[in-house]
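S.K.: The following comprises the amino acid sequence and a computationally predicted model.
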Amino acid sequence: NYSAYHKIKNNETLSNIINNYYGKANLNKSIIQLAIVTNNKSSFVRNNPHFMYAGKKIYLPSINEIRNLVLNRSNSKKVNENEEFNKNNIFFFGS
């Protein structure tokens, strides 16, 4: 359980990066992809996971950080009614 940084190489895909770093994790790959794009918006063209900028350094969150995004947990502050919507959280609706 650790985070890492990765420098994007020419012709590299996000799927390859996910398989290299999270291959043995028992998580849905689309959730990992969403967490990476959310944490590295400037590394993707229009937040599209299929278009990355080569040479950019991206942050790869740990499994616990991804879990906290999914479960809407914040380590730094408590969420209350008057707080602005936290754009770094991932929300899932439906079944």
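M.R.: That came in fine, so what should we check first?
S.K.: what ranges do the strands span in the protein?
M.R.: 4-7, 57-60 (DSSP state E).
S.K.: Can you give me every residue that contacts Ile66?
M.R.: Contact analysis of Ile66 by C-beta atoms under 8 Å, 6 or more residues apart in numbering lists Leu27, Ile31, Ile32, Ala35. C-beta: built from backbone N, CA, C; applies to glycine.
S.K.: buried set for stretch 4-17?
M.R.: His6, Ile8, Leu14, Ile17 (16 or more other C-beta atoms under 10 Å).
S.K.: repeat for stretch 35-51
M.R.: For stretch 35-51, burial by neighbour count (16+ other C-beta under 10 Å) applies to Ala35, Ile36, Val37, Thr38, Asn39, Asn40, Ser43, Phe44, Pro49.
S.K.: now swap in stretch 53-64 and tell me
M.R.: Ile58, Leu60, Pro61, Ile63.
S.K.: how about the third one, what does it touch?
M.R.: Pointing back at Pro61 there. Contacts of Pro61 by C-beta under 8 Å, 6+ apart are Ser3, Ala35, Ile36, Asn39, Leu69.
S.K.: Distance of it relative to Ser15?
M.R.: To Ser15, Pro61 is 17 Å away according to C-beta to C-beta, to the nearest Å.
S.K.: can you point me to the longest helix in this structure?
M.R.: In the chain, taking DSSP state H as the definition, the longest helix is helix 29-39.
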